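Q: Any chance you could fold what I've pasted below:
(2 chains)
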Amino acid sequence: MKRRFGKAPLALVSALALSALVSLDVGCGAPPRGVDWNGKRLPAIDMHLHPGDWDHVPEDTRKFLASRFPFPIGLDAEAAAKGSLLPESILGEIDDAGIWGAGLFAIYAPRTVGVASNELVAEDLTFAPDRFFGLASLRVDRWTTDRDAELDRLKSTLSRPGFVGIKLAHAHQHFRMDDPAFFPIYEVGASLGKPLYLHTGTSPFPGTSQEPAYTDPTYLETAIQQFPAATFILGHLGYDFEQKRHAGLETCIRLAKTYPNVFLEPSALGSASSDPTGANLKEAMRRMREAGITDRVVYGSDGPQSPGFVKGYLERTVAAMKDAGYTEQEAAAVLAGNFARVFGVTVPAEAAE
Amino acid sequence: MNVRFGVTFGGCVIATLLGASEAAAAEPRTPFPAHAALDAVGGSPAKGAYVLSAQGGWPFSFLRAQVGLSDRITLQSELESAVGRRYRPMLGIGVRLAEATHVRLTGEFLAGWLFQRSEEYRRGPNGELRFRLAIPVRRFVPYLVLGTRHAFLPDLLTIERASGTETSWSLRHEWTPWATLGLGFAISRGIGLDLGINYGWVGAPDTIALPGVHLGLHFGGDR
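A: Predicted structure coming up:
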């Protein structure tokens, strides 16, 4: 007994040392690039990631975001968010997931999700110019007076290196999808050959315009018809994030089948919080394949959200594709090929090795 | 600040342990009929006995005092902190439900207030019902704590309209199922340690919570 007791301090010191060691990041190198698909590695690009500035996020949205972090990370959401929104953190997240490239979104929605300016995105693009692709945006809340200036600023931003497209969110920016006053934005996209990414569906963020004219992709059909040279990427497949169910999936599929300038992006709807059972993402991937439009699906996650989200979402999507019987060619198109084609990006060989 | 606290706390634990080893050699060999580690992790010290506990860890840390009012009933107070941003000062009673040579089962009920300083301020009354099962074997005390916590968070909503200001109150319920699995160790009858893994699912079932660990130091006496 005495001997055993004499070893107790040593055991405690060892335990403390062990706990200190496990808290250190002792990773054994970066994981391999690409997604494992039956033994073959396929390159992956996540077209939907948000850099940002916590100071420009409205208070109610900060609370919402804090509630999405795992406890106790959300207790100091500012530190967690500021860290995760940095370009080096985003690069770390996609590296952990084996993802080669990422689309970084600018957004001007000061009353809902906040502001991530074109300038901030331009600065972040310089961090990994070969792997980050910028989507510019513009303010629309003073459209009657600032329209021309905003459109000029958008064109100017799109001429900068690394900007490949335009990001809009009618529901967060409070303008109708069918309002012709805003059609000049689509015209910019068409004339410059820059695809437009559009948030469709409701949104969990406080202050969102949830009415159908802001969320239902049906309301985009006029613009899609009127601007055949513009490429429309319908984000989130019209998902109802309030009720956590599909709402616009069939409309999105119909639009993609009807119009060659429509693409679909299944981000966020399959997250653990928006699709707890995983059934909705599986259904979406299955329905798109059944409709024969896998050449129109562009992968995105809507990260970084919280550490590990980017990787987790990719895994869920790949599992959903395997469950739906995607072929290697179809999976490769969804994960990177369609993005490369739509945005005119060359995917290097090292994107999957 | 929390890291500094953890380092300091860990240092104190090591120093106490090393310093106590000589004194402990003079203690009776084993088993102790009751000791600070058992009273701390198993709950319900005997009448007139007390135990003071400090458990430091991530994300939860605790300060706890228990004093036996009778051989079955204990008065206890507790202050819990989560990463220095969420505090729960609590007062309650413990009842020894069962005891045998190698088993002690205690039920505890505590009530108090929750203070959370974060993006979302949370304040409101808070209560907890928990059970402690301890299995003392010589100087070691493996233990399990299972609890259910309920906080009621009042919200005041004010809407300012041209026609006047409307205010309304609403109440939210925050549920936290709790589990701790740990191992206590008696250095002497009056000094003990414990190491435990905690899982407090704050805001269940709509949230995700990370598990945590703690290291505790316990002092008891007056038996």
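Q: can you pull out the helices in chain B?
A: If DSSP state H is used as the criterion, the helices of chain B fall at B:2-25, B:36-42.
Q: Among those helices, show the one with the smallest mean pLDDT.
A: If you rank the helices of chain B by mean pLDDT, helix B:2-25 sits at the bottom with a mean of 45.
Q: For residue A:311, see how far away the closest residue in space to residue A:84 that isn't next to it in sequence is.
A: Computed as C-beta to C-beta, 6 or more residues apart in numbering or on different chains, the closest residue to residue A:84 that is not its neighbour in sequence is residue A:304, at 4.9 Å. Where you see a C-beta, it was placed from the backbone N, CA and C, and this is true even at glycine. Residue A:304 is 10 Å from residue A:311, where distance means C-beta to C-beta, to the nearest Å.
Q: Neighbour count: the two, which is higher?
A: residue A:304 (25 against 20; other C-beta atoms under 10 Å in any protein chain shown).
Q: show me the contacts for that one.
A: A:49, A:50, A:84, A:85, A:89, A:90, A:93, A:310 (C-beta atoms under 8 Å, 6 or more residues apart in numbering or on different chains).
Q: So which of those is the closest to residue B:93?
A: Proximity of these to residue B:93 was ranked by C-beta to C-beta; the top entry is residue A:84 with 43.6 Å.
Q: Residue A:171 contacts residue A:215, correct?
A: Yes: judged on C-beta atoms under 8 Å, residue A:171 makes contact with residue A:215 at a distance of 5.1 Å.
Q: Now list whatever residues contact both of those two.
A: Counting by C-beta under 8 Å, 6+ apart, the contacts common to residue A:171 and residue A:215 are A:201, A:202, A:203, A:209.
Q: hmm, back to that, overlap of the contact sets of residue A:304 and residue A:311?
A: Shared contacts of residue A:304 and residue A:311 (C-beta under 8 Å, 6+ apart): residue A:93.
Q: pLDDT-wise, which helix or strand of the chain ranks last?
A: No chain specified, so I'll use chain A. None of the helices or strands of chain A scores lower by mean pLDDT, DSSP states H and E than helix A:2-6, at a mean of 40.
Q: actually it's chain B I care about, not the one you picked
A: The helix or strand of chain B with the poorest confidence is helix B:2-25; it has a mean of 45 (mean pLDDT, DSSP H and E).
Q: Enumerate every residue touching residue 74.
A: All of this refers to chain A. By C-beta under 8 Å, 6+ apart, the contact set of residue A:74 is A:66, A:67, A:68, A:80, B:118, B:119.
Q: Please refer instead to chain B.
A: Residue B:74 neighbours (C-beta under 8 Å, 6+ apart): B:43, B:44, B:45, B:66, B:67, B:68, B:93, B:94, B:95, B:96, B:106.
Q: Just give me the neighbour total for the closest residue to residue A:309 other than its chain neighbours.
A: Distances taken as C-beta to C-beta, 6+ apart put residue A:303 closest to residue A:309, at 4.8 Å, once the chain neighbours are dropped. Applying other C-beta under 10 Å, we find 28 other residues in the vicinity of residue A:303.
Q: can you check residue A:329 too?
A: Residues contacting residue A:329 under the criterion other C-beta under 10 Å number 12.
Q: Could you tell me how far the residue in the stretch 201-350 of chain A positioned nearest to chain B is located from residue B:207?
A: Nearest to chain B in the stretch 201-350 of chain A, going by C-beta to the nearest C-beta, is residue A:272, at a distance of 7.4 Å. The gap separating residue A:272 from residue B:207 is 11 Å, by C-beta to C-beta.
Q: Three-state assignment for residue A:75, please.
A: helix (DSSP: H, G, I helix; E, B strand; the rest coil).
Q: what's the pLDDT at residue A:259?
A: On pLDDT, residue A:259 comes in at 98.
Q: can you tell me which residues contact it?
A: Residues in contact with residue A:259 (C-beta under 8 Å, 6+ apart) are A:224, A:225, A:228, A:232.
Q: do residue B:89 as well
A: B:77, B:78, B:79, B:112, B:113.
Q: what's the distance between it and residue B:201?
A: Distance check for residue B:89 against residue B:201: by C-beta to C-beta, it reads 21 Å.
Q: which regions of the chain sit below the pLDDT cut-off?
A: Chain wasn't specified; assuming chain A. Residues of chain A that meet the criterion pLDDT under 70 lie in A:1-30.
Q: Let me rephrase: I mean chain B.
A: Short version for chain B, where the test is pLDDT under 70: B:1-33, B:223.
Q: The same query, at a cut-off of 50, please.
A: Scanning chain B with the threshold set as pLDDT under 50 gives B:1-31.
Q: okay, which residue is most central for it?
A: Geometric centre of chain B, nearest residue: residue B:62, 5.4 Å, by C-alpha atoms, centre = their mean.
Q: which residues does that residue bridge with?
A: Beta bridges link residue B:62 to residue B:55, residue B:80 when assigned by DSSP bridges.
Q: which residues of chain B fall in strands?
A: Secondary structure of chain B (DSSP state E): strands located at B:50-58, B:60-68, B:73-82, B:86-100, B:103-116, B:122-134, B:140-161, B:164-186, B:191-200, B:212-221.
Q: Nice, that's everything, thank you.
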